[in-house]
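Novice: Quick one: sequence and predicted model below, then my questions.
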Amino acid sequence: MTTLPRIAITAGEPAGIGLDICVKLAHTAVPAALVILADPHALQARAAQLDIPLTLHCYEEIAPPHAGDGSLCVLPVLAAATVTAGTLDPKNSPYVLAMLDQAREGCEAGAFDAMVTAPVHKGIINDAGIAFTGHTEYLADTTGTPQVVMMLVGGGMRVALATTHLPLTQVSNAITREALTTTLRILHQDLVQKFGIASPVIYVAGLNPHAGENGYLGDEEINTINPVLDVLRAEGMQLIGALPADTMFSQKNLAKADAFLAMYHDQGLTVLKHASFGEGVNVTLGLPIIRTSVDHGTALDIAGSGQADVGSMLTAINLAIEMVQKRVTAD
Ligand SMILES: NC(=O)c1ccc[n+]([C@@H]2O[C@H](COP(=O)([O-])OP(=O)(O)OC[C@H]3O[C@@H](n4cnc5c(N)ncnc54)[C@H](O)[C@@H]3O)[C@@H](O)[C@H]2O)c1
Ligand SMILES: N[C@H](C(=O)O)[C@H](O)COP(=O)(O)O
C-alpha cells in the first residue's frame, strides 16, 4: 500500500479546461497518489482532441503513485450529456456537483487525504436551477461548517477574504463584528496549525477609500473593523489595521505580513492575481477536510486548444501535499 498522500482531483466544468489539465497531468509526475474524478469518455475524447496519449485505470480503493507515464487513475463519474469543449450545457451541472460530493465524502471517510478542484462555472450551475456561488460556500454547506475562509496563495503573499462571492451592494452589511471575528480566528488558527506559522502577523484592510478617512469616507472601520481588531489584539493576535487597501500590499508590507485580509473579493484577488495568475492556489480554511484549488476559471475560450497551462493545478496539488504532511506530523 502506498504511504503517499492520496489526493482526489475533481475535473470541474467539462466544457472548460479542467479536462485538458487532467489529460496534461497524466504526463507529469507528482509525489502523491492521484485519483481523478471525471467522466472517462469525456477524458478520452479531450485527450484525442488534444492529440495527447492517455491510458485510464479504474480506481479500486487503492491508487498507485502518480508516475506521469501518460496514465490516470480514474474514479468514474458519468456526465449526463455529450461534452463539447467550449460549450456549456446545464444538463451536466449535476455531474459537476456529483464529482465534488464524491471527493468530499471520500475525504470525510478517510479514503482520500485531500481534494483539489479544477474550475467550475458558477453561472451554468445556476442556469440548471441549482443555487451555487462557489466551491467554498458549497463545501462549507455540505460539510456542515458554519463559516469558512477563502485564502489565495501566490506572488509571495497570502490573501484571505472577509466576504467571498457577494454582489458589492451586499458587502458592507455582510461585514459584521461577529463574522469578522470568526474569519480572523479561523485565519489565525489555520496559519498556525496548517501553515506552521507560530505567531502570524495579519494585515487587515479597511473597506472604504483611505480606510474611511476618520469617518468622512465611510464608517465601517470605526463601527466594525477596528473594534474587532482591538478585541482580538487583546487576546494576543498580531493584527495591523484597518489599513487603506490601496497601499496595504506594498513590497515593504509583503515582507512583513504572513497574510493579508481583504474585505471583499476583488479588493484582494486583483492584487494577488496580478502578481501570480496561473501559478497561485486557492485554499479553503476552516473546513474539516483539506481542499485546495486552481486560481483560474474555466477558460472556455481555450478549452480543447492545448493552450491550458497546468501550473496552478500543480501548485494546488503541491500545497495539498504539504498540508497533508503537516497534519500527519501534527497528529
Ligand atoms: N476555481 C474555480 O472554480 C474558479 C476560479 C475562478 C473563476 N471560476 C469561474 O470560471 C468562469 C470563467 O471565469 P473568468 O472568465 O473570469 O476567468 P478565467 O480564469 O476562466 O479566464 C480568464 C483568462 O485567463 C485565461 N486562462 C485561465 N486559465 C488559464 C490557464 N490555466 N492556462 C491558460 N490561460 C488561462 C483564459 O483563457 C482567459 O483569457 C466563471 O464562471 C468563474 O466564476 C471558477
Ligand atoms: N474566487 C475564486 C477566484 O477568483 O479564484 C473562484 O471564484 C473560485 O472560488 P471557489 O473556490 O469558491 O469556487
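Specialist: Looks like it arrived, so ask away. Ligands and ions are numbered 1, 2, ... in the order given.
Novice: Only alpha carbons, please: show stretch 62-81 as CSV.
Specialist: Only the C-alpha atoms of stretch 62-81 are listed here, as CSV (Å, rounded to 0.1, in the frame of the first residue of the first chain):
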residue,chain,number,x,y,z
ILE,A,62,-6.0,1.9,-3.8
ALA,A,63,-4.4,4.5,-6.1
PRO,A,64,-0.9,4.0,-7.4
PRO,A,65,1.8,6.7,-7.2
HIS,A,66,1.2,9.2,-10.0
ALA,A,67,4.2,8.5,-12.2
GLY,A,68,3.5,10.8,-15.1
ASP,A,69,3.7,7.9,-17.5
GLY,A,70,0.6,9.0,-19.6
SER,A,71,-1.9,7.2,-17.3
LEU,A,72,-4.5,8.4,-14.9
CYS,A,73,-6.3,6.5,-12.1
VAL,A,74,-9.9,7.5,-12.5
LEU,A,75,-13.0,7.2,-10.3
PRO,A,76,-15.7,7.3,-12.9
VAL,A,77,-18.5,9.9,-12.6
LEU,A,78,-20.7,10.0,-15.7
ALA,A,79,-21.7,13.2,-17.4
ALA,A,80,-25.4,13.4,-18.4
ALA,A,81,-24.9,15.0,-21.8
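Novice: Helix, strand or coil: sort out the residue in the stretch 151-300 of the chain that ligand 1 sits nearest to for me.
Specialist: Nearest residue of the stretch 151-300 of the chain to ligand 1: residue 297, at 2.4 Å (Cβ to the nearest ligand atom). For glycine as for every other residue, the C-beta is placed from the backbone atoms N, C-alpha and C. Secondary structure, DSSP: H, G, I helix; E, B strand; the rest coil: residue 297 is coil.
Novice: neighbours around residue 49, how many?
Specialist: Residue 49: 17 surrounding residues under other Cβ atoms under 10 Å.
Novice: tell me which parts of the stretch 101-250 of the chain are close to ligand 2?
Specialist: 134, 135, 136 (Cβ under 6 Å from any ligand atom).
Novice: Endpoint to endpoint, stretch 129-147 covers what distance?
Specialist: End-to-end span of stretch 129-147 (Cα to Cα, to the nearest Å): 24 Å.
Novice: Tell me the buried residues in it?
Specialist: 132, 134, 135, 136, 137, 138, 139, 140, 143 (16 or more other Cβ atoms under 10 Å).
Novice: And the residue in the stretch 1-150 of the chain that ligand 2 sits nearest to, how far from residue 100?
Specialist: Across the stretch 1-150 of the chain, no residue is closer to ligand 2 than residue 134, which sits at 2.8 Å (Cβ to the nearest ligand atom). To residue 100, residue 134 is 11 Å away according to Cβ to Cβ, to the nearest Å.
Novice: From what I see, residue 16 and residue 298 are in contact.
Specialist: Yes - under the criterion of Cβ atoms under 8 Å, residue 16 makes contact with residue 298 at 2.9 Å.
Novice: Need the overlap of contacts for those two.
Specialist: Common neighbours of residue 16 and residue 298, using Cβ atoms under 8 Å, 6 or more residues apart in numbering, are 119, 120, 121.
Novice: what would those residues look like in TSV with neighbour count, secondary structure and distance to residue 273?
Specialist: Formatted as TSV, those follow (neighbours: other Cβ atoms under 10 Å; DSSP: H, G, I helix; E, B strand; the rest coil; distance: Cβ to Cβ, whole Å):
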residue	neighbour count	secondary structure	distance to residue 273
119	24	coil	13
120	27	coil	18
121	23	coil	18
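Novice: near ligand 1 too, which of the residues you listed?
Specialist: Residues of the shared contacts of residue 16 and residue 298 in contact with ligand 1 (Cβ under 6 Å from any ligand atom): 119, 120, 121.
Novice: distance from the centroid: which residue in this structure tops it?
Specialist: What lies farthest from the middle of the chain is residue 216; by Cα atoms, centre = their mean that is 36.0 Å.
Novice: partners of that one in the sheet?
Specialist: According to DSSP bridges, the partner residues bridging residue 216 are residue 218.
Novice: ok, it to residue 209 distance?
Specialist: As for residue 216, its distance to residue 209 is 10 Å (criterion: Cβ to Cβ).
Novice: What segments of the stretch 1-150 of the chain are helices?
Specialist: 18-25, 40-50, 93-109, 122-127, 135-143 (DSSP state H, counting those that start in this stretch).
Novice: In CSV: the ones you listed, plus distance to residue 154 and mean pLDDT.
Specialist: Formatted as CSV, the helices of the stretch 1-150 of the chain follow (distance: least, Cβ to Cβ, whole Å; pLDDT from 0 to 100):
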stretch, distance to residue 154, mean pLDDT
helix 18-25, 17, 98
helix 40-50, 26, 98
helix 93-109, 23, 98
helix 122-127, 21, 98
helix 135-143, 17, 98
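Novice: For the nearest residue in space to residue 196 that is not next to it in sequence, grab phi and psi.
Specialist: Once flanking residues are discounted, residue 196 sits nearest to residue 326: 6.0 Å by Cβ to Cβ, 6 or more residues apart in numbering. Backbone torsions for residue 326, taken as degrees, to the nearest 10, come to phi -60, psi -40.
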